[in-house]
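K.L.:
sequence and predicted structure, then a few things I'm wondering about:
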Amino acid sequence: MVEVWLPYGKTEVHISVPLRNLLGTVEPDRGQPSANPFETITESLRNPIESKTIGELVKPRAKVAIAIDGTLSPGLAASAASSVVWTLNQSGVPSENITLVVGNGRREHGYQELISVLQGSNILKGLDIVEHNRNSASVTRVGTTSTGTNVEVCSSFTGADSRIVIGETLIDHFSGLRGAHSTVLPALSGKEAIEHSMSLSFSGEVVPGVPDENPVYADQVEASRLVGVDMAVQLVTNGYGELVSAFSGDLEATGGSAIATLGESYRVKAESNADIIVVSAGGSRFDFDLYNAVWALRGVSPIVKRGATIILLAECADGMGAEGLETLAQVDTLSELRRRYMLGARAVHVIKTALRGNEVVLVSALPGYLAEPLGFSVERTASAALERVTQRRRGRRTLVVTHGCSTVPVVD
């Protein structure tokens, strides 16, 4: 037997696979992660791309807002925020003039662990920290994009004299790629803006890792321009969420550098003839709710053969994550999902697509009455799920994908 460990929430779970059945384990390319994220980010702030330095951009008495995406891993978020605040302090801006805004537009609820880690950082102690959620009434209308998105953004951010955004560059199943632009929309935005922008993903095929000609990506960048971002900090991470590189400066110039650095590192080689695919969403970075975890199904779709069983590991401690996953659970047609679009509609489409010709078993803390209407079979442990699937299948060739939301398995 081969013991394989997979991320699940804030911990790991293991499965035992007979050696004769195991086709392989698909894991991210770790690359060369930074040994000191604080120093790496601070160095990027000293050498901004197509931009003045923070000391040249920000006046000492200015009110500064720093925004971070609430899906960032707490440790990296604290390092990035600390780097920016330290640089501002060195430039004469006192901490009492700085507000740190955590954008939870991708979350239905807040992220207390992230807030606790930020508050515990020495450099960030005493800083005013504001949490924004997508249902907040404290938003300011800054304009309308060319696609018709009415951009409403957290007022604590828009009301500052200088605005800095921190974002993580990684693959996304709406915009192709995330980055500092997606810290504005969706992270800092109101629900109406998020719904309209995300609905654009139904306008064409979204290719994870490819932002070119992606209407959601273009909409997010345009929204960032409307807000008026003075400096962007782009954090390039590997599939484990570890910092590889950082770029600071102009939003679009740093975005280009970050995309070039990321390259195709998210693409990982895999076998395509598995009877059983065990895929983890990638732990608490993605599986805090079902809405953010189901993209692991989309990630493995290129290697899933008809008749295979997919076992998806996603704890979902925060629940479903989007109302559409309940309201639209019985909708099977793409046209109807487009007509009735709400947050969660495209996630429903991903689930229904995976279920056409395949079984999907969800290993989760979600109660069955929420998950089963979507078509999932539900198990409480990964080992029980694999054992039951193996017992009733003739074909048992098993492929394990450890980080389904941050990688794209491809056939060699």
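P.N.:
Alright, I've got the coordinates.
K.L.:
quick one: Arg163 is in a strand?
P.N.:
Yes - under DSSP: H, G, I helix; E, B strand; the rest coil, Arg163 sits within a strand.
K.L.:
which strands or helices does the longest helix seen in the chain pack on?
P.N.:
In the chain, taking DSSP state H as the definition, the longest helix is helix 74-90. Here helix 74-90 touches helix 37-46, helix 54-57, strand 64-69, strand 98-104, helix 112-120, strand 162-169, strand 231-237, strand 243-249, going by 3 or more C-beta pairs under 8 Å, 6 or more residues apart in numbering; DSSP states H and E. C-beta here means a position set from N, CA and C on the backbone, and glycine is covered the same way.
K.L.:
tell me the angle of it relative to strand 231-237?
P.N.:
150 degrees (axes from the mean of the first three to the mean of the last three C-alpha atoms, to 10 degrees).
K.L.:
Leu337 is in what secondary structure piece?
P.N.:
helix 334-339 (DSSP states H and E).
K.L.:
for the nearest residue to Ala62 once chain neighbours are set aside, the count of nearby residues, please.
P.N.:
Ranked by C-beta to C-beta, 6 or more residues apart in numbering and with sequence neighbours excluded, the top spatial neighbour of Ala62 is Asp161, at 4.0 Å. When neighbours are counted by other C-beta atoms under 10 Å, Asp161 registers 13.
K.L.:
count the neighbours of Pro373 for me.
P.N.:
Using other C-beta under 10 Å, the number of residues around Pro373 comes to 12.
K.L.:
repeat for Glu39
P.N.:
By other C-beta under 10 Å, the residues close to Glu39 number 13.
K.L.:
repeat that for Glu96.
P.N.:
What Glu96 shows, counting by other C-beta under 10 Å, is a neighbour count of 10.
K.L.:
was I right about Leu355 contacting Gly375?
P.N.:
Yes - under the criterion of C-beta atoms under 8 Å, Leu355 makes contact with Gly375 at 4.6 Å.
K.L.:
first-to-last residue distance for stretch 87-100?
P.N.:
14 Å (C-alpha to C-alpha, to the nearest Å).
K.L.:
who's in contact with it?
P.N.:
42, 45-46, 53-55, 58, 60-68, 81, 85, 118, 123-124, 126-130, 156-157, 160 (C-beta atoms under 8 Å, 6 or more residues apart in numbering).
K.L.:
before we move on, what about stretch 360-370?
P.N.:
8-9, 290, 297, 309-317, 319-320, 326, 351, 354, 371, 375-382, 385, 389.
K.L.:
could you do stretch 190-205 as well?
P.N.:
Residues from elsewhere that reach stretch 190-205 (C-beta under 8 Å, 6+ apart): 105, 134-136, 139, 145, 147-153, 173-175, 185-186, 189, 213-216, 219-220, 223, 334, 337-338, 341-343, 345-346.
K.L.:
returning to what we had before: residues touching the residue nearest to Ala62, list them.
P.N.:
By C-beta under 8 Å, 6+ apart, the neighbours of Asp161 are 58-59, 62-64.
K.L.:
now the residues you listed: which count as buried?
P.N.:
Among these, those buried by neighbour count (16 or more other C-beta atoms under 10 Å) are 58, 62-64.
K.L.:
need those residues in JSON lines (columns: pLDDT and distance to Pro28).
P.N.:
Output for those, formatted as JSON lines (pLDDT from 0 to 100; distance: C-beta to C-beta, whole Å):
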{"residue": "Val58", "pLDDT": "96", "distance to Pro28": "36"}
{"residue": "Ala62", "pLDDT": "96", "distance to Pro28": "40"}
{"residue": "Lys63", "pLDDT": "98", "distance to Pro28": "39"}
{"residue": "Val64", "pLDDT": "98", "distance to Pro28": "35"}
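K.L.:
which one of those residues is nearest Ala281?
P.N.:
Proximity of the buried ones among the contacts of Asp161 to Ala281, judged by C-beta to C-beta, is greatest for Val64, which lies at 34.7 Å.
K.L.:
quickly list what that closest one is bridged to.
P.N.:
Val64 has the following beta-bridge partners by DSSP bridges: Ile98, Ser162.
K.L.:
doesn't Gly159 make contact with it?
P.N.:
No - in this structure, Val64 is not within contact of Gly159 by C-beta under 8 Å, at 11.2 Å.
K.L.:
can you lay out the helices and strands packed on helix 74-90 as TSV showing distance to Glu205?
P.N.:
Putting the helices and strands packed on helix 74-90 into TSV (distance: least, C-beta to C-beta, whole Å) gives the following:
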stretch	distance to Glu205
helix 37-46	33
helix 54-57	39
strand 64-69	25
strand 98-104	27
helix 112-120	33
strand 162-169	21
strand 231-237	25
strand 243-249	28
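K.L.:
which of those is buried the deepest?
P.N.:
Neighbour counts (mean count of other C-beta atoms under 10 Å) averaged over each of the helices and strands packed on helix 74-90 peak at strand 231-237, with a mean of 29.
K.L.:
show residues contacting that strand.
P.N.:
With C-beta under 8 Å, 6+ apart as the test, strand 231-237 has contacts from 41, 44-45, 48, 51, 54, 57, 72, 76, 80, 83-84, 162, 164-170, 179-181, 243-251, 254-255, 257-258, 261-262.
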